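**Q** kindly return the folded structure for what I paste below:
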Amino acid sequence: MFEGLKQNSTVLGLQKQYEMLPPRDRSVLKIFSIILMMFIIFYAMWLPAHGYMENAQRDVEQNKQLLTLVKQNKALLSSLSRSSGSSKTDKVMSSQQLVSSVTNMAKRNGVLLKRFEPSGERKIKVWVDNASFDKMISWLTALNKSLNVSVEQISIEKDDAAGLVSARLTLSS
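**A** Presented below is the predicted three-dimensional model:
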């Protein structure tokens, strides 16, 4: 590869011009070339790596905020989980009744459901995006207290905006 490059007429012309330069100009050109290579290395390697590091630090900070939010609401979540495991003598709803009740209660509590689908007998899977964490917890509490709907499984992720979360839930009656 380098042999072919050395035989290139453009490279040969540049070599002749370089050799015709006075020694002082050649030294200045070498120094300039070294400085140019340092700038290329800086902009091609160090700046992107530094940007990746800043993004990672921002992600860590967001995850710390989510952990703090979850820790602050741990008592509420654990009481909701305990009450969902208790047995109540209320009537058991069918999947269609459960879907209807869950969506109506979500509207009343200001929680917008992105998607929902029946999942077996007396169960429903629900997806919530960009919902207020407090409103979602209030909705789940109301479902449990008024309709005996319990949370079987929940996965909560913090959104970019403060206090907003996205969640995937499995609810059962």
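**Q** list the buried residues for the lengthiest helix in the chain?
**A** Taking DSSP state H as the criterion, the chain has its longest helix at helix 47-72. Residues of helix 47-72 classed as buried: 66, 69 (neighbour count, 16 or more other C-beta atoms under 10 Å). (C-beta placed from N, C-alpha, C; glycine too.)
**Q** which strands or helices does that helix pack on?
**A** Judged by 3 or more C-beta pairs under 8 Å, 6 or more residues apart in numbering; DSSP states H and E, helix 47-72 is in contact with strand 150-158.
**Q** which other residues reach the helix or strand where L140 lies?
**A** In this structure, L140 sits in helix 133-147 according to DSSP states H and E. Helix 133-147 has contacts (C-beta atoms under 8 Å, 6 or more residues apart in numbering) with 69, 73, 76-77, 80, 83-84, 90, 93, 101-102, 105-106, 108-111, 128, 149-151, 156, 163-165, 167, 169, 171, 173.
**Q** ditto for stretch 18-25
**A** Identification of contacts with stretch 18-25 by C-beta under 8 Å, 6+ apart yields 26, 29.
**Q** just the terminal-to-terminal distance for that stretch.
**A** Terminal residues of stretch 18-25 lie 9 Å apart, using C-alpha to C-alpha, to the nearest Å.
**Q** just give me how far it sits from the chain centre.
**A** Centroid separation between stretch 18-25 and its chain, computed with C-alpha atoms, centre = their mean, to the nearest Å, is 57 Å.
**Q** show the average pLDDT along that stretch.
**A** For stretch 18-25, mean pLDDT is 92.
**Q** picking up where we left off before, would you mark the buried spots in the helix holding L140?
**A** 133, 135-137, 139-141, 143-144, 147.
**Q** looking at these, which is nearest F42?
**A** For the buried residues of helix 133-147, the residue nearest F42 by C-beta to C-beta is F133; the value is 43.0 Å.
**Q** would you mind measuring from that closest one to K145?
**A** Distance of F133 to K145, computed by C-beta to C-beta, to the nearest Å: 19 Å.
**Q** and what of G163?
**A** 23 Å.
**Q** again with A161
**A** 28 Å.
**Q** how about I41?
**A** For I41, the distance to K145 - C-beta to C-beta - is 63 Å.
**Q** thinking again about what came up before, the longest helix of the chain - what's its average pLDDT?
**A** 89.
**Q** what's the angle from it to strand 150-158?
**A** Inter-element angle recorded for helix 47-72 and strand 150-158: 150 degrees (by axes from the mean of the first three to the mean of the last three C-alpha atoms, to 10 degrees).
**Q** okay, now the unreliable bits of the chain?
**A** Judged by pLDDT under 70, the chain has its weakly predicted residues at 1-2, 81-94.
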